[in-house]
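*Asks:* need a 3D model of the sequence below.
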Amino acid sequence: MLCRIPQEYHAIDMHNHVWLSGAALEKSSGAEGLDTAYCDGVIANADRYGIEKLAVSCPITLPDVTPEKMRYVNDAVLEAVRRYPERLFGFCFVDAAFATESVAEIERCAAAGMKGIKLYHQHTLDDEIQRPVMECAARLGLPVLMHSGKVRDMQNFQSQKNISHAEHFLNALEKFPETIFIHAHIGGGGDWEWTLRVLSGLRNPRYFIDISGSVCDAEIVRRTIDAVGLESVLFATDMSFAESTAKVLNSGLSGTELQKILHDNWMKIEGMRK
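*Replies:* Down below sits the predicted model:
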């Protein structure tokens, strides 16, 4: 089984993460900040699997978000990018419950070189509360990467009651037509076949989906391409380096298809930035 991307593709993993050291988020000012050992491990894995560049974010995955915490996690991302400026680029995490602060934080992070926005499950993608964030994203030409999945089991649903799924993306495309969306991890768990049935036939130049996640079901990559079109599919791992790399390389894709998914489709998004 192939599990290392040939250098010729200049692969870009557009959904990955860095994290804070220990319980840094709960500490007062002066906490350790970026977990540098983990960050170094991300680069080591990228080298192992033939990944040239990675987009990283540090989302807050619990409901307890504040503007101060948003800035803190984004500062960790900026620190990671400074540590590996030729390999990493950042996505800015915000919570739209803090509208004014979120817009200011996106603008701060964009000025510092971040290339996208990362949202988690504090609110669904199509919630009206997201409008200031979506309008800011559209104004700057930054893609919005949304944590997503069709959750079926009650335990996961209880912990992610506002997780976005395919129908939320379709609604958001109509509600915020100038915003670029990235649908996170088709292989991240949940009912991916339901997701692709809902999305089947979608062709929208502002919609993208990444293939990251540990789910390696047969034909998941090919069926994602069939559902939304080759131009909308992005390579990513979301920390599942081996699984995501292997399922792309062993999906029977042509060299042209691999080139688009591994590199060119993300570069198209970068070209939309204003």
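*Asks:* state the mean pLDDT of the lengthiest helix in the chain.
*Replies:* Looking across the chain with DSSP state H, the single longest helix is helix 67-83. For helix 67-83, mean pLDDT rounds to 96.
*Asks:* by contact count, what packs against the helix or strand following that helix?
*Replies:* Note on helix 67-83: by DSSP states H and E, the next helix or strand toward the C-terminus is strand 88-93. If you count contacts as 3 or more C-beta pairs under 8 Å, 6 or more residues apart in numbering; DSSP states H and E, strand 88-93 packs onto strand 51-57, helix 67-83, helix 99-111, strand 116-119. C-beta here means a position set from N, CA and C on the backbone, and glycine is covered the same way.
*Asks:* tell me what the longest helix of the chain is packed against?
*Replies:* Helices and strands touching helix 67-83, by 3+ C-beta pairs under 8 Å, 6+ apart, are helix 36-49, strand 51-57, strand 88-93, helix 99-111.
*Asks:* give me the distance between residue 113 and residue 124.
*Replies:* Distance, residue 113 to residue 124, by C-beta to C-beta, to the nearest Å: 29 Å.
*Asks:* higher neighbour count, the two?
*Replies:* The residue with more neighbours, out of residue 113 and residue 124, is residue 124; 21 against 12, by other C-beta atoms under 10 Å.
*Asks:* the more buried one and residue 114, how far apart?
*Replies:* Distance from residue 124 to residue 114, by C-beta to C-beta: 23 Å.
*Asks:* and for residue 194?
*Replies:* Residue 194 is 32 Å from residue 114, by C-beta to C-beta.
*Asks:* with residue 247 instead?
*Replies:* Relative to residue 114, and taking C-beta to C-beta, residue 247 is found at 28 Å.
*Asks:* low pLDDT regions in the stretch 151-274 of the chain?
*Replies:* Residues of the stretch 151-274 of the chain meeting the criterion pLDDT under 70: 154, 157.
*Asks:* can you show me the strands along it?
*Replies:* Along the stretch 151-274 of the chain, the segments classed as strands by DSSP state E, counting those that start in this stretch run 181-183, 207-210, 233-234.
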